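Asker: got a predicted model here, sequence first, then my questions.
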Amino acid sequence: MFVRPPRPLWPFNGPASAVWPPLAFASLAAALRHSSPGLSLSIIDAPALHMGWRSLEAELNRLRPSYVAIGEEAVSCREGLRLARMAKGMGAKVIAGGCFFGHVPEEAIDTGLIDAVVHGEGELTLGELVEALRSGAECDLRRVQGISFPSGGGIVRTPPRPLLADLDALPMPAYDLLPVSCYGRGSRNHPDLAAIELGRGCFGSCNFCVLWRQMGRYQGAAVVPHLRTKSAERLLEEIRILTGRYRRRYLAWVDPCFNADPRIHAQLAGLMLRDNLRIGQSAWVRADAVLRDAASGALRSCVEAGLNEVYLGIERCDAGTLDGLNKSVAAGDCRSALRLLAREYPDVFTVGSFIYGVPGDTPEKIRELRRCASGLDLDYAFFIPLTPLPGTPYWRREMWDPTGEKFRRFGFLPGPPVQADGAELERALLSSYLTDWDGNRIRGWVRGMWHPQARKRSLTRRLLMRGCAFQARLLFESITGNHRENGMYIPRWYES
């Protein structure tokens with residue numbers, strides 16, 4: 001049983017699009033179905049079902065799984081450990097993996113709640129691991145590449161597993177095990193949402209990112225970026241299944257960088273246009289690749305096939321800080337790409353991410369960053385505190401908290417400006433939000449709120465309302481001193 005437990009939700013997403021399908025679970029389940037046909041498989045996506053902890057416990061008691069697989073993000077580590085405790089209490093073996101647990105195997109196993117941790121890509125590993133756990137022999141576990149497990153008071157980490165050479169060889173994700181109709185139901189801007197991957201990995205190696213490490217290739221003891229893609233024909237087949245069998249109407253590409261490879265997304269768009277298959281899409285893209293694709297015609301094909309929402313990791317506006325983050329996209333390319341998108345593709349909604357809290361940051365630099373964002377041709381900008389995720393150079397082992405409570409701060413959201421860590425920077429950011437209304441910022445909001453295209457108007461207005469509500473809450477908490485650990489919210493059904 002793969003389980004995503006009840007968890008806090010991000011405040012900038014509406015209730016209808018707050019939860020994306022757990023594509024990793026569907027892919028892993030499909031691989032297990034292929035390698036271990038005798039296994040009974042299920043996926044419980046509690047947030048999608050609005051299933052609280054009492055209902056989840058009842059379902060676990062009813063089905064009594066032998067193995068429970070978890071894969072939480074840092075911010076929901078507390079929920080992952082709570083689920084592991086519940087599963088262990090029912091006699092299940094607990095397997096953890098993903099971008100968080102895969103980078104803290106010793107700490108996770110030391111809780112006594114985790115029986116094995118899968119590192120990196122798990123489709124081949126998980127099938128072998130389940131068979132080894134079934135046998136109960138440690139020698140079988142030691143033969144499984146890419147795992148950690150407890151042994152004699154210590155922890156064994158086996159050699160890394162080579163990456164899959166051909167992603168087309170993977171079986172189709174087990175969409176039938178997901179509550180597909182729940183995703184994007186009733187959403188105005190992301191209706192009938194589906195998650196899909198074009199490939200895995202990246203050719204960038206930003207210091208703050210764990211995604212390229214999760215999907216990277218081992219070179220000796222070090223992980224290096226490694227990009228792989230599915231073929232355009234395979235991707236078209238997946239889209240046909242999602243749109244035909246499951247009636248999905250919006251594709252959310254989960255790739256760290258959708259346009260890293262210069263060929264596949266263009267080939268796919270060409271196939272979709274050939275077959276008159278147009279569907280709304282969102283994706284994270286590189287600015288320099290946007291410029292490349294504009295010159296080749298690939299960008300136009302992607303937009304005509306339905307790409308209408310792009311996210312760019314801009315991070316900073318000065319070359320020195322970008323170099324310190326090992327960011328390989330120049331600020332000038334971001335400005336040029338956004339200018340091109342605004343001019344040539346005005347109906348595409350553009351979102352930019354910015355990082356603050358890097359070494360050397362001061363309140364004045366934060367205000368400069370905020371003003372810089374207002375001067376770009378962006379539809380929306382959001383600001384992320386530099387987060388010391390496990391696997392990045394900013395992580396320290398002493399940051400580990402076996403209760404998971406401290407990881408509530410790892411939600412990629414500005415915190416209340418009263419916390420000891422980074423309080424000055426948080427105050428500067430909040431102050432800039434409230435007071436820095438220059439001409440660029442005002443024109444940007446007015447342009448978006450009265451844009452000729454209905455979807456762009458809707459997104460702008462909803463994000464403005466949610467952003468104002470979030471900032472108002474931060475201001476209230478800073479005045480009263482009654483603040484939460486992070487800006488995420490606990491849904492009403494959380495304990496139900």
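Answerer: All right, it came through fine. Everything numeric in this text was worked out from a predicted model, so none of it was measured.
Asker: only C-alpha atoms for contact and neighbour calcs from this point on.
Answerer: Will do.
Asker: in what element of secondary structure is Asn276 found?
Answerer: Taking DSSP states H and E as the definition, Asn276 sits outside all helices and strands.
Asker: ok, it to Leu236 distance?
Answerer: As judged by CA to CA, to the nearest Å, Asn276 and Leu236 stand 12 Å apart.
Asker: so between those two, which is more surrounded?
Answerer: Legend: neighbour count by other CA atoms under 10 Å for Asn276 and Leu236, higher for Leu236 (18 against 10).
Asker: skipping adjacent residues, who's closest to the more buried one in space?
Answerer: Closest residue to Leu236 apart from its sequence neighbours, by CA to CA, 6 or more residues apart in numbering: Leu268 at 6.7 Å.
Asker: and the helix of greatest length in the chain, how far out from the chain middle?
Answerer: The longest helix of the chain (DSSP state H) is helix 454-480. Going by CA atoms, centre = their mean, to the nearest Å, the spacing between the C-alpha centre of helix 454-480 and its chain's C-alpha centre is 22 Å.
Asker: how about stretch 391-409?
Answerer: Relative to its chain's centre, stretch 391-409 lies at 18 Å (CA atoms, centre = their mean).
Asker: residues in contact with the residue nearest to Leu236?
Answerer: Listed by CA atoms under 8 Å, 6 or more residues apart in numbering, the contact set of Leu268 reads Ala232, Glu233, Leu235, Leu236.
Asker: tell me which of the residues you listed is nearest to Val3?
Answerer: Proximity of these to Val3 (CA to CA) peaks at Leu235, which lies at 26.3 Å.
Asker: quick one: secondary structure of that closest one?
Answerer: Using DSSP: H, G, I helix; E, B strand; the rest coil, the structure places Leu235 in helix.
Asker: with Gly352 instead?
Answerer: Gly352 ends up strand, using three-state DSSP.
Asker: do you know the pLDDT at Ile355?
Answerer: As predicted, Ile355 sits at a pLDDT of 96.
Asker: that one reaches Thr387, doesn't it?
Answerer: No. Between Ile355 and Thr387 there is no contact, the gap being 9.2 Å when judged by CA atoms under 8 Å.
Asker: what about Met90, distance to Val68?
Answerer: Using CA to CA, we find Met90 at a distance of 11 Å from Val68.
Asker: same check, this time on Ile264
Answerer: 35 Å.
Asker: before we move on, what about Met86?
Answerer: In terms of CA to CA, Met86 sits 10 Å off from Val68.
Asker: go on, Leu167?
Answerer: Look at Leu167 and Val68: by CA to CA, they are 25 Å apart.
Asker: quick one, which of these two is more surrounded?
Answerer: Neighbours per residue, other CA under 10 Å: of Leu167 and Val68, the larger number sits with Val68, 22 against 16.
Asker: what helix or strand is the more buried one on?
Answerer: Element membership of Val68 [criterion: DSSP H and E] is strand 67-70.
Asker: which residues touch that strand?
Answerer: Contacts of strand 67-70 (CA under 8 Å, 6+ apart): 1-4, 80, 84, 87, 92-97.
Asker: just the buried residues of the very next helix or strand once past it, please?
Answerer: Reading on from strand 67-70 to the C-terminus, the next helix or strand found by DSSP H and E is helix 77-89. Across helix 77-89, burial judged by 16 or more other CA atoms under 10 Å covers Cys77, Arg78, Glu79, Gly80, Leu81, Arg82, Leu83, Ala84, Arg85, Met86, Ala87, Lys88.
Asker: which residue packs closest to the second one, ignoring adjacent ones?
Answerer: Leaving aside its chain neighbours, Arg78 sits nearest to Gly404 (4.1 Å; criterion: CA to CA, 6+ apart).
Asker: give me the phi and psi angles of the one you found.
Answerer: Backbone torsions of Gly404, given as degrees, to the nearest 10, read phi 80, psi -10.
Asker: coming back round to it: may I ask which helix or strand encompasses the residue nearest to Leu236?
Answerer: Using DSSP H and E, Leu268 falls in helix 264-274.
Asker: now that helix, how far from the chain's geometric center?
Answerer: Taking mean C-alpha positions (CA atoms, centre = their mean), helix 264-274 and its chain are 25 Å apart.
Asker: just stretch 74-88 next, same as before
Answerer: Stretch 74-88 has its C-alpha centroid displaced from the chain centroid by 18 Å (CA atoms, centre = their mean).
Asker: same check, this time on stretch 374-386
Answerer: With CA atoms, centre = their mean, you get 18 Å for stretch 374-386.
Asker: now do stretch 141-148
Answerer: 26 Å.
Asker: likewise stretch 298-315?
Answerer: The mean C-alpha position of stretch 298-315 is separated from the chain mean by 18 Å, CA atoms, centre = their mean.
Asker: span of it from start to end?
Answerer: First-to-last residue span, stretch 298-315, CA to CA: 25 Å.
Asker: ok, residues contacting it?
Answerer: 265-266, 269-270, 272-273, 277-287, 290, 293-294, 322, 329, 331, 334, 345, 347-356.
Asker: quick one on the thing from earlier: in TSV: the contacts of Leu268, plus pLDDT and distance to Met399.
Answerer: Putting these into TSV (pLDDT from 0 to 100; distance: CA to CA, whole Å) gives the following:
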residue	pLDDT	distance to Met399
Ala232	98	42
Glu233	98	45
Leu235	98	40
Leu236	98	43
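Asker: partner residues bridging Ile95?
Answerer: Beta-bridge partners recorded for Ile95 (DSSP bridges): Ala69, Ala116.
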